[in-house]
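Student: Okay, sequence plus prediction incoming.
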Amino acid sequence: MIKKKYYGVVLSCLAAVIISVPIAFIMVVINVGFTKGFLPAFLKSALVSVLISIPLANIGIPLAEKLAKKIIKD
């Protein structure tokens, strides 16, 4: 198991993968369609999107939490 102190990082990484892989799939379907080169194009797109979204999620999710706490009053 992973220590509780890494919860934010694990959450951000999982959120990045869960969001970016389906988006990559849909974008490849839109741009290429279900053609002969679909699977390699999807795998490449998914890999690139995950590599980009993980660092962005680790920065963006904590920032969004801070902003939401300032906007929402108890």
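Tutor: In hand now; what should we look at?
Student: Quick check: mean pLDDT of whichever helix in the chain runs longest?
Tutor: Using DSSP state H to define each element, the chain has its longest helix at helix 38-71. Mean pLDDT, helix 38-71: 94.
Student: in it, what's buried?
Tutor: Residues of helix 38-71 classed as buried by neighbour count (16 or more other Cβ atoms under 10 Å): 41-42, 45-46, 49-50, 53-54, 57-58, 61. For the C-beta atoms, the positions are set from N, CA and C on the backbone; glycine is no exception.
Student: can I get these in CSV with distance to residue 74?
Tutor: Converted to CSV, the buried residues of helix 38-71 look like this (distance: Cβ to Cβ, whole Å):
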residue, distance to residue 74
41, 48
42, 44
45, 42
46, 40
49, 36
50, 36
53, 31
54, 32
57, 26
58, 27
61, 21
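Student: State the pair within the residues you listed that is farthest apart.
Tutor: Greatest spacing in those, by Cβ to Cβ: 41 and 61 (28.3 Å).
Student: hang on, the earlier thing: which elements pack onto the longest helix of the chain?
Tutor: Under the contact criterion of 3 or more Cβ pairs under 8 Å, 6 or more residues apart in numbering; DSSP states H and E, helix 38-71 touches helix 7-31.
Student: so for the helix it packs on, what's the average pLDDT?
Tutor: Per-residue scores along helix 7-31 average to 94.
Student: quick one: it to helix 38-71, angle?
Tutor: 130 degrees (axes from the mean of the first three to the mean of the last three Cα atoms, to 10 degrees).
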